[in-house]
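Visitor: Dropping the sequence and predicted coords here.
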Amino acid sequence: MNKSELINEVYELLNQGTGGSNSGEAKLTKIFAEKTLNSVLEALTNGLKKDGNVQIVGFGTFSVGTRGARTGVNPRTGAKIQIKASKNIKFKAGAKLKEIL
């Protein structure tokens, strides 16, 4: 699933139970769904920057890990190269998510 498909899924979920113009309930737009998704992603990013992890009970935990500097090999030439230390994102699925999958 890519981002536009995820936006469509959020759009559908937000509009479940809302009727058309006859019911008096307003349908939410895809632009609102996109803003909602972008806000959640920004909040996750900010949480990872600030605290180093974000835990969503039942879904899982995102955390920042580190990889140390190491020596690698260029597959084309076979030459050894130095790879700098870097940060990466880890995700550990929660119990409810594991159960669903």
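Guide: Right, received. Where do you want to start?
Visitor: can you list contacts of stretch 65-76?
Guide: A79, K80, I81, Q82, I83, K84, A85, S86, K87, N88, I89, K90 (CB atoms under 8 Å, 6 or more residues apart in numbering). Placement of C-beta: from N, CA and C, glycine included.
Visitor: and which of those is nearest Q55?
Guide: Q55 lies nearest to K90 out of the contacts of stretch 65-76, by CB to CB, at 12.3 Å.
Visitor: partners of the helix or strand the closest one falls within, with directions?
Guide: Assessed by DSSP states H and E, K90 sits inside strand 86-93. Paired neighbours of strand 86-93 in the sheet (DSSP bridges): strand 60-67 (antiparallel).
Visitor: where exactly do the helices run in this structure?
Guide: For the chain, the helices defined by DSSP state H occupy 3-14, 30-51, 95-100.
Visitor: would you turn the contacts of stretch 65-76 into JSON lines with distance to K49, neighbour count and pLDDT?
Guide: Converted to JSON lines, the contacts of stretch 65-76 look like this (distance: CB to CB, whole Å; neighbours: other CB atoms under 10 Å; pLDDT from 0 to 100):
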{"residue": "A79", "distance to K49": "35", "neighbour count": "9", "pLDDT": "96"}
{"residue": "K80", "distance to K49": "33", "neighbour count": "9", "pLDDT": "96"}
{"residue": "I81", "distance to K49": "29", "neighbour count": "10", "pLDDT": "95"}
{"residue": "Q82", "distance to K49": "27", "neighbour count": "8", "pLDDT": "96"}
{"residue": "I83", "distance to K49": "23", "neighbour count": "11", "pLDDT": "95"}
{"residue": "K84", "distance to K49": "20", "neighbour count": "8", "pLDDT": "96"}
{"residue": "A85", "distance to K49": "18", "neighbour count": "9", "pLDDT": "96"}
{"residue": "S86", "distance to K49": "15", "neighbour count": "10", "pLDDT": "95"}
{"residue": "K87", "distance to K49": "10", "neighbour count": "10", "pLDDT": "94"}
{"residue": "N88", "distance to K49": "14", "neighbour count": "9", "pLDDT": "94"}
{"residue": "I89", "distance to K49": "11", "neighbour count": "11", "pLDDT": "95"}
{"residue": "K90", "distance to K49": "15", "neighbour count": "10", "pLDDT": "95"}
